[in-house]
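> model the following, please.
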Amino acid sequence: MVVTLGGLLFGVDTGVINGALPYMAAPQQLNLTSAEEGLVTSVITLGAAIGALTAGKLADRDGRKRILCYLAVLFFFGTLFCATAPNAWWLISFRFILGLAVGGASVIVPTYLAEVATAGLRGRLVTQNELMITGGQMLAFTVNAILGTCFPGVTSIWREMLAFGMLPAFLLFCGTWFVPESPRWLIMKRRPQAAIAILDRIRPDHQRSLAEVQSVTAILRRHRNTKAAGLRDLRHPWVRHLVLLGAGLGIIQQFVGINIMMYYGTSILMKVGFGHRVALVANIGNGLTSFIATAVGMRLMYTVARRRMLLVGITGTGCSLLVITLGILFLGQSRLLPLVVIGSTMTFLAFFQSCVSPTTWVLLSEIFPQQLRGLGMGIATFCLWMANFLVGFTFPLMMAHWGGGGTFAFFIAFNAVAWVFSWSFVPETQGKSLEQIQFELRAQLQTSGHHHRHHHRGNGLQVTN
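From the prediction side, this is the model:
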């Protein structure tokens, strides 16, 4: 619960802007130009890309726990300075700094959870972070709606909306003093006794803890000559393949179109005929759908194969966008259009949050070997955040140039590409230990390197036991 507060903060800080932006933009407040509005919204994801790239390496050096503590401080003061911003550029600068913390949390939290969990619990624990992210977004939408309703004439209310994020940041800071360091990181630093002591505290079976420490130690000893991977290690084909697979998963997760719904949900609903207040309330419905779907995804993690979940999710998001596009093209000014759009939006969020998003994060936390994890998670999450920034920044421009039909058609095409990529390259990892996954992936990649022509057709990186 404590560690996933990092996920909650990630949700609150990305979701809060949805309701706060109209107040900030007001002439008597920050009087934002449209370019400044775009930057205030999307600069947090640019910061997150850089935070994601650096946090993994820092966590490999200083430990997961210490970096998490630093991130809590960054969240707290970043939020404080955003809430007290005297002008647009001050706000944009500190939204960028807040982005560094968001990106750092998006790497450290799933990594830490994957490292403390048993193989059976790993999917659920990493997905719990997803639940906290969507919970944070829903919380932000709700707090915004309550503050906006209780203080109808107060244009400076956006400061209180932003300041709310200081509360979970303070709780995360206090909580990190009580969580243990990652046992795998301790083994990596040649402190196996400390790792065993922690495993005994958090798990019931001492023998299994000993066996796990011995297994990880043996693997690290085997790879001791390679130490933690750096960018120069990308010259090894299997390292490059794995990092590209991770980057591909990160880009897919954003380009299926989630941020259209998350940042511009209210604007889309207003464009197809909802009134402003109704659109804001409907947005809470979107937040609730996301939250429930994530909880459903946590249950599915136990029973459904990861790869199948990803493919079903992408099929669902693509079809939902197709229905919205057909609605815009053929229903015109019909009274049916708003209902079709809100129904399809909720269906999109249900498929994305229950299948695509949690599966992406779990796969990213599973596919990288120990000495490659900092670099691999860093690059994959950097790509994810850059894709997020691109979608967030270009969507209004696409809408202006191509209209609704053309814009949604672009995202439908990308869903098709994402499906083919996932079918060809994503391995099955359910119910396997991290070491087993990495051993199989590496063997598969090395054989596919030798027999590239024979194996690559159709099968890609698919791994069998």
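
> middle-most residue in the chain, spatially?
Centroid-nearest residue in the chain: residue 106, 6.1 Å away (criterion: Cα atoms, centre = their mean).

> pull out the buried positions in the host helix or strand of that one.
Using DSSP states H and E, residue 106 sits in helix 88-116. Buried residues in helix 88-116, defined by neighbour count with 16 or more other Cβ atoms under 10 Å: 88, 91-116. All C-beta atoms are positioned from the backbone trio N, CA, C, and that covers glycine.

> thinking again about what came up before, for residue 334, see how far away the residue nearest to the centre of the chain is.
Taking Cβ to Cβ, to the nearest Å as the measure, residue 106 falls 40 Å from residue 334.

> how about residue 86?
According to Cβ to Cβ, residue 86 and residue 334 sit 47 Å apart.

> then residue 13?
38 Å.

> name the residue in these two with the higher neighbour count.
A direct count of neighbours by other Cβ atoms under 10 Å for residue 13 and residue 334 places residue 13 higher, at 28 against 13.

> list the contacts for the more buried one?
Neighbouring residues of residue 13 by Cβ atoms under 8 Å, 6 or more residues apart in numbering: 44, 75, 79, 98, 101, 102, 136, 140, 165.

> between these, which sits nearest residue 402?
When the contacts of residue 13 are compared for distance to residue 402 (Cβ to Cβ), residue 44 wins out at 25.7 Å.

> after the one helix or strand that closest one maps to, next one along is what?
Per DSSP H and E: residue 44 is located in helix 34-62. Counting by DSSP H and E, the next helix or strand C-terminal to helix 34-62 is helix 64-83.

> name the helices or strands packed onto that next one?
helix 5-15, helix 34-62, helix 88-116, helix 157-163, helix 166-176 (3 or more Cβ pairs under 8 Å, 6 or more residues apart in numbering; DSSP states H and E).

> measure how the second one sits relative to helix 5-15, angle-wise.
Comparing the axes of helix 34-62 and helix 5-15 via axes from the mean of the first three to the mean of the last three Cα atoms, to 10 degrees yields an angle of 170 degrees.

> tell me what angle helix 34-62 forms with helix 88-116.
40 degrees.

> same question for helix 34-62: list its buried residues.
For helix 34-62, burial by neighbour count (16+ other Cβ under 10 Å) applies to 36-60.

> check the secondary structure at residue 334 for me.
Using DSSP: H, G, I helix; E, B strand; the rest coil, the structure places residue 334 in coil.

> list the helices and strands the helix holding residue 106 packs on?
In terms of contacts (3+ Cβ pairs under 8 Å, 6+ apart), helix 88-116 is packed against helix 5-15, helix 34-62, helix 64-83, helix 119-150, helix 183-188, helix 357-367, helix 370-425.

> the same query, at a cut-off of 6 Å, please.
If you count contacts as 3 or more Cβ pairs under 6 Å, 6 or more residues apart in numbering; DSSP states H and E, helix 88-116 packs onto helix 5-15, helix 34-62, helix 64-83, helix 119-150, helix 357-367, helix 370-425.

> now stretch 155-162, how far from the chain's geometric center?
In terms of Cα atoms, centre = their mean, to the nearest Å, the gap separating the centre of stretch 155-162 from the centre of its chain is 26 Å.

> below-threshold pLDDT in the protein: ranges please.
Scanning the chain for pLDDT under 70 picks out 223-231, 266-267, 270, 275-277, 280, 431, 434, 445-465.

> tell me which residues are up against stretch 289-302.
Outside stretch 289-302, the residues that touch it by Cβ atoms under 6 Å, 6 or more residues apart in numbering are 123-124, 127, 130-131, 134-135, 138, 346, 349-350, 353-354, 358.

> and the residue nearest to residue 165 when sequence neighbours are not counted, how many neighbours?
Counting by Cβ to Cβ, 6 or more residues apart in numbering, residue 165 lies nearest to residue 79, which is 4.2 Å off, once chain neighbours are set aside. Taking other Cβ under 10 Å as the criterion, the count of residues near residue 79 is 28.
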